[in-house]
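> requesting a structural model of the entry that follows:
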Amino acid sequence: MALLASIQSTNILNKTVNYMRVSIARYDLKGTDCVARFDLLDSTGTYVYGETMSIPTNVLQSWGTDDTVIPQAIASAKGLTITGYPTNI
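Numbers count the residues shown, from 1 in each chain. I've put the predicted structure just below:
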């Protein structure tokens, strides 16, 4: 899974970021351990900053077929606001 989310513009490392790209770095088939990678991108889609984050078990339990659950959890934890899910940038 890789998903691109538009976020409310914010400054990071003296650059403005407009997008967050999320992908799953590690996931166990029992659904108890998941690490996601998120990258913050500028308005042209250029990488500005990224890190990995462990996804809490309660989020994994609500994941189901809605892939926006993971980006929403990351955005919430990092103080970002998702404004949409564009198909391209």
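> and the residue lying closest to Thr57 once chain neighbours are set aside, how many neighbours does it have?
Spatial nearest neighbour of Thr57, chain neighbours left out: Thr32 (6.1 Å); criterion: C-beta to C-beta, 6 or more residues apart in numbering. Glycine gets a C-beta too; all of them are placed from N, C-alpha and C. Thr32 is flanked by 10 other residues according to other C-beta atoms under 10 Å.
> Pro71: neighbour count?
Look at Pro71: counted by other C-beta under 10 Å, it has 22 neighbours.
> whoops, Ile24 was the one
Using other C-beta under 10 Å, Ile24 has 15 other residues around it.
> which residues touch it?
Applying C-beta atoms under 8 Å, 6 or more residues apart in numbering to Ile24 gives the contacts 1, 34-37, 70.
> phi, psi of it?
phi -90, psi 120 (degrees, to the nearest 10).
> buried ones in the lowest-mean-pLDDT helix or strand in the chain?
Here the helix or strand of the chain ranked lowest by mean pLDDT, DSSP states H and E is helix 57-63, holding a mean of 87. Across helix 57-63, burial judged by 16 or more other C-beta atoms under 10 Å covers 59-60, 63.
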